[in-house]
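1. here you go, sequence then predicted model.
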Amino acid sequence: MTTTTLAVLVPLLPFLGAAAGLLLGRTVPGFARPLAVLPTLASLVLTVLVAAGQGGGPAVDAATELTPTGSVPIELALHIDGFAALVAVLVGVVATCVQIYSTGYLRDDPRYPSYAALVSLFTSAMLLVVYSGDLIVLLVGWEIMGICSYFLVGHYWETPEARAASIKAFLVTKLGDVPFLIGLFALATDTGSFRITKVLGAVANGGLHHPTLIALLLLAGVAGKSAQFPLHTWLPDAMAGPTPVSALIHAATMVAAGVYFVARLLPVFQASSAAMVVLAVMAAVTMAGSALAALAQDDIKRVLAYSTIGQLGYMTGALAVGDRDAAVFHLLSHGAFKALLFLAAGVIIHAAGTNSLAAMSRMAGLRDRVPDAYWTMTVALLALAAIPPFSGFFSKESVLGAAEHVATGHTGHAPGPAGWIVLVAGLLTALLTAAYAMRLWLLAFRGRGAEAPDHGRQPLAMNAVLWVLAVPSLAFGGLAFRVLPDWFDGRDLAPTLTTSVLGTGLALVGGIVTYGAWRHTGALAARVPLGAVAAHPEADAGLVEAEAIATHRPAYGDIAYAPDPADPGRLLLGPLHRHAATGFHLDAVYATLFVRPVLAGASLVRFLDREVVETYVRGAGAVPRLLGAAVRRAQTGNVQTYVSALLAGTVVLTVAAVLLATGA
């Protein structure tokens, strides 16, 4: 088969698996697991073959007109360069691991067949985005991922948290998708095509007439899909869904789509210096704010969610300084260790016998009970904290190095201010990332909480996947920065001395200070039993309420979820903790600015409909009803009455005619 034929099969196989799973999964339950795993695994094999065929050489292009439009054509097109080939392999690896892992994690779930089918459809949609050479076809995959996330985040629809999270994820991403769609049409209008290669060619020849407007419209959709400030608030709440879904969304689909889109169309954004600065500011605020929020979360999955937001900020920061090689390098590296982090967290949650959420303040004795999760999560956290020689060090340093080159004027791919913004925010986030990674490790595996019931050893499928993902988390970076330039634009991805020393030094400081804070709070924890909130001077009602909001748990209904006085994040953040725990109250701001006005408007419309429109409707029906009643009274059924009325009418008409004739 040709590379083009293989590429067509890559998104098609998971799609067919999803269709078969939805049709047969419930009626023939024994087919659910094979239909989930085998098509995705076959697709992974094909992505590897496509990557080998592409080989980092010239892009593979193929197209056929999908439908005549009369103006700008829509084409079923493929465009597979080195970026697309490697990102597709990442999607295939993570999706296969998630499907295998889910066979153990959700083995007793009655809705597993529909879940597995939706995961396959999710995978197919992302692969369509990656391989697509036409923006409208890319948009199809983009929107399918949105609806899949709605169903998968709301998998546990019996719980109000899952229902609210799925609706929030759908609405917030749609809020960005509306200007995104307008931006796509504006881009096609300026360039005369939806075909990506033709769009980039037109941009290179100066054919983009409204670069700033188009770039900002597209960035709105990217901010929603990739959970960047200010449209990032849906992602932490989406943790109410099954943990394998979180791994898929955070590592290889959905949130990676926005970063990949900007990388694919980077010249469009580089045509506007203002858009690049806006992208840099968005990345900087996202990085620093999400890292602070992660340091204050109690639920292990919410920590990882804010971590994903921050790491995506690194990727958008690399794009803001014009280096898509560094951005995609970090995307690939992050995909491996973030999938590992979520799946290891799933083992912890599964060991505790819960479905989705797990408060770190309640964890104790997990190191010995889940040794596979302990060792592999340790590797992933070291990669997240960018400690050499783990993969995150090399990919994150490529981002910081690119920002330094722009800031110091060594390259003109982006405005100088964008370089300084990304560099300063990236170094600050390196410090905070190591701090919350150390905090997570200490609270999860060396915690002093009440030990959860032991539900026995986890299924082999779950533990095996952890070790598979631990390999790239440990070894990918050291190999990739030498090989990837041949697949990408050829830029040097090797760590630079200045940013390596600064970044690693700050990461070590963050980890050591957090460990010291944890040791310091240990003495307090020994004196203050878990749940004795009032005994701690900082544990006022407002703090408890903030913690409850952050973890979706009652503020006072269950004393077992009271804030842990041994939490080093509380000591490090001080008064900022209560604000960081609620994501700096952005949800409250949005509720004030958007939700309440919409609800007030809906109430007004309901009032007008009920009291004004329905009044007219009722009145319009009442008049004929009254006339009908009057006429009905005249219908007595008595023939003499009818004859008398006829004679009386005749007399009246005769008199009227005489009077009119006399008057004339």
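-> Sure thing, it's come through.
2. in terms of helices and strands, where is residue 652?
-> Here residue 652 is covered by helix 639-663, with elements defined by DSSP states H and E.
3. nope, residue 79 is what I meant
-> If you go by DSSP H and E, residue 79 is part of strand 74-80.
4. for that strand, packing partners?
-> Under the contact definition 3 or more C-beta pairs under 8 Å, 6 or more residues apart in numbering; DSSP states H and E, strand 74-80 sits against helix 3-24, strand 60-67, helix 112-131, helix 135-153, helix 196-204. Every C-beta, even on glycine, is put in place using the N, C-alpha and C of the backbone.
5. worst mean pLDDT among the ones you listed?
-> Note on the helices and strands packed on strand 74-80: strand 60-67 shows the lowest mean pLDDT, a mean of 84.
6. chain center to that one: distance?
-> Relative to the mean C-alpha coordinate of its chain, strand 60-67 is positioned 30 Å out (C-alpha atoms, centre = their mean, to the nearest Å).
7. and for stretch 610-623?
-> When C-alpha coordinates are averaged (C-alpha atoms, centre = their mean), stretch 610-623 and its chain have centres 47 Å apart.
8. repeat that for stretch 11-23.
-> From the chain centre to the centre of stretch 11-23 is a distance of 23 Å (C-alpha atoms, centre = their mean).
9. please apply the same query to stretch 241-249.
-> Put simply, stretch 241-249 sits 10 Å off its chain's centre (C-alpha atoms, centre = their mean).
10. before we move on, what about stretch 464-482?
-> 24 Å.
11. show me what counts as buried in that stretch.
-> Within stretch 464-482, the residues scored as buried using 16 or more other C-beta atoms under 10 Å are 465-466, 468-470, 472-474, 476-477, 480-481.
12. turn the residues you listed into TSV, including distance to residue 165.
-> Formatted as TSV, the buried residues of stretch 464-482 follow (distance: C-beta to C-beta, whole Å):
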residue	distance to residue 165
465	25
466	26
468	29
469	25
470	29
472	29
473	28
474	33
476	31
477	33
480	34
481	37
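13. hmm, residue 104 is touching residue 457, no?
-> No: applying C-beta atoms under 8 Å, one finds residue 104 not in contact with residue 457, separated by 11.0 Å.
14. more neighbours: which of those two?
-> Taking other C-beta atoms under 10 Å, residue 104 and residue 457 do not tie; residue 104 has more neighbours (19 against 13).
15. what helices or strands is the helix or strand where that one lies leaning on?
-> Using DSSP H and E, residue 104 maps to helix 82-105. When contacts are defined as 3+ C-beta pairs under 8 Å, 6+ apart, helix 82-105 sits against helix 3-24, helix 32-54, helix 112-131, helix 243-251, helix 255-264, helix 324-352, helix 460-487.
16. pick the most deeply packed of those.
-> helix 243-251 (a mean of 29; mean count of other C-beta atoms under 10 Å).
17. rewinding a little: what does the average pLDDT come to for the helix holding residue 104?
-> For helix 82-105, mean pLDDT rounds to 95.
18. could you check the angle it makes with helix 460-487?
-> Interaxial angle of helix 82-105 relative to helix 460-487 (axes from the mean of the first three to the mean of the last three C-alpha atoms, to 10 degrees): 180 degrees.
19. quick check: residue 602 vs residue 499, distance?
-> Separation of residue 602 from residue 499 (C-beta to C-beta, to the nearest Å): 51 Å.
20. before we move on, back to that, now the helix holding residue 104, how far from the chain's geometric center?
-> Worked out by C-alpha atoms, centre = their mean, helix 82-105 lies 17 Å from the chain centre.
21. for the helices and strands packed on helix 82-105, give me CSV that also has distance to residue 607.
-> CSV is the format used below for the helices and strands packed on helix 82-105 (distance: least, C-beta to C-beta, whole Å):
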stretch, distance to residue 607
helix 3-24, 42
helix 32-54, 49
helix 112-131, 40
helix 243-251, 40
helix 255-264, 40
helix 324-352, 46
helix 460-487, 54
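22. among those, which is nearest residue 300?
-> Residue 300 sits nearest to helix 324-352 of all these, at 5.1 Å, using C-beta to C-beta.
23. give me the residues contacting the helix or strand following the closest one.
-> Scanning forward in sequence from helix 324-352 by DSSP H and E, the next helix or strand is helix 366-369. By C-beta atoms under 8 Å, 6 or more residues apart in numbering, the residues outside helix 366-369 that reach it are 348, 351, 373-374, 444-447, 454.
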